[in-house]
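Asks: give me a 3D structure for the following:
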Amino acid sequence: MYALPEVIANKVIELLGSIQYAKDDLQIECAEVSLNGDFSRLVLLSSEHGYLQELETNIISVLKNHEHNKKTRSNVKSNQPVNRKHHTKTSGKHLRVTLAGKVIEGKIIGETFVKVFKIIGFDRVIKLNKKTSKIALFSKTPTTGYQTQQYVDGWYITTHFSNDGAKLFLENIANELNIPIRVEIV
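Replies: Have a look, this model is predicted:
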């Protein structure tokens, strides 16, 4: 149980100890009931003892599985600190859109989306009633949750996309509106 925090490990040990005490008490009670000839009670107590035994086995199995997974996932010794590189959200790539002879490039997807939609015309895109992750692309009110939105000209525009997803989304909109477009990930 080296991989568990000490507080959790102590509580698990305490739980296993309590289960063992309860099993011992049930065994003693089973012996007394057996001597008295109360076999219906003996069956009930034996069933409870079996349940506790199964619970104990399952807990130990989960702990062993956790320990095994921890060992196989980690190639770093457990007593060494783990060095993690700072992970940034962006891949360093962005979209370049060629539309009506203009090249549109923003630093982030949201900028590019807004610029493209302004050229196409918000009204035309809004009529398509597009959604992403069950959230309307254009909305008069902001959505709650993780969705990134930009407020432009009275509209909240959802701009939470991966580069690949944004490329496909813009191509799909242009296709539905019969607008020639070229979208590149650069």
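
Asks: got a list of what residue 33 touches?
Replies: 39, 41-42, 45 (C-beta atoms under 8 Å, 6 or more residues apart in numbering). Every residue, glycine included, has its C-beta placed from N, CA and C.

Asks: for it, phi and psi?
Replies: With angles defined as degrees, to the nearest 10, residue 33 shows backbone torsions of phi -70, psi -40.

Asks: pLDDT below threshold where in this structure?
Replies: Within the chain, the segments meeting pLDDT under 70 span 1-4, 70-92, 146-147.

Asks: if we use 90, what do you get?
Replies: 1-94, 100-101, 106-111, 113-114, 131-139, 141-152, 155-169, 185-186 (pLDDT under 90).

Asks: which stretches in it count as strands?
Replies: Per DSSP state E, the chain carries strands over the ranges 95-99, 102-105, 131-132, 135-136, 138-139, 149-152, 155-158, 181-185.

Asks: take those strands and write them to JSON lines, including distance to residue 7.
Replies: Written out in JSON lines, the entries for the strands of the chain read as follows (distance: least, C-beta to C-beta, whole Å):
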{"stretch": "strand 95-99", "distance to residue 7": "48"}
{"stretch": "strand 102-105", "distance to residue 7": "52"}
{"stretch": "strand 131-132", "distance to residue 7": "42"}
{"stretch": "strand 135-136", "distance to residue 7": "40"}
{"stretch": "strand 138-139", "distance to residue 7": "45"}
{"stretch": "strand 149-152", "distance to residue 7": "41"}
{"stretch": "strand 155-158", "distance to residue 7": "42"}
{"stretch": "strand 181-185", "distance to residue 7": "47"}
